[in-house]
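S.K.: 3D, please:
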Amino acid sequence: MHWFNYLAGNPADGSKPQAKKLVISDEYFQRVTSALIMRLRQHEEAAVQGDHLNHRLLSLKHHKS
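M.R.: Residues are numbered from 1 along each chain as shown. Presented below is the predicted three-dimensional model:
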């Protein structure tokens, strides 16, 4: 069995397992997408603020020397 078959959950003979289809409404998709975008923006903002804080701490450290 190839590693990609194992990871994909395919049996040793390479056949594909029965897939269950998930149907979601457009409204649900939009809500999930909006929530994901909001979370990614929060993460990006926190990363930028952390970067600014690191620069300030480094500049204070150099000024004390």
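
S.K.: Can you list the low-confidence ranges for the protein?
M.R.: Residue ranges of the chain with pLDDT under 70: 1-17, 63-65.

S.K.: mind checking the SS state of Lys20?
M.R.: Here Lys20 is recorded as coil under DSSP: H, G, I helix; E, B strand; the rest coil.

S.K.: Number of residues surrounding it?
M.R.: Neighbour count for Lys20, taken as other Cβ atoms under 10 Å: 5. To be clear about C-beta, it is placed using only N, CA and C from the backbone, and glycine gets the same treatment.

S.K.: Over to Ile37?
M.R.: Neighbours of Ile37 under the rule other Cβ under 10 Å: 10.

S.K.: quick one, phi psi at it?
M.R.: Here is the backbone geometry of Ile37 (degrees, to the nearest 10): phi -60, psi -40.

S.K.: What separation is there between it and Arg31?
M.R.: 11 Å (Cβ to Cβ, to the nearest Å).

S.K.: before we move on, what about Ala19?
M.R.: Here the criterion is Cβ to Cβ. By it, Ala19 lies 25 Å from Arg31.
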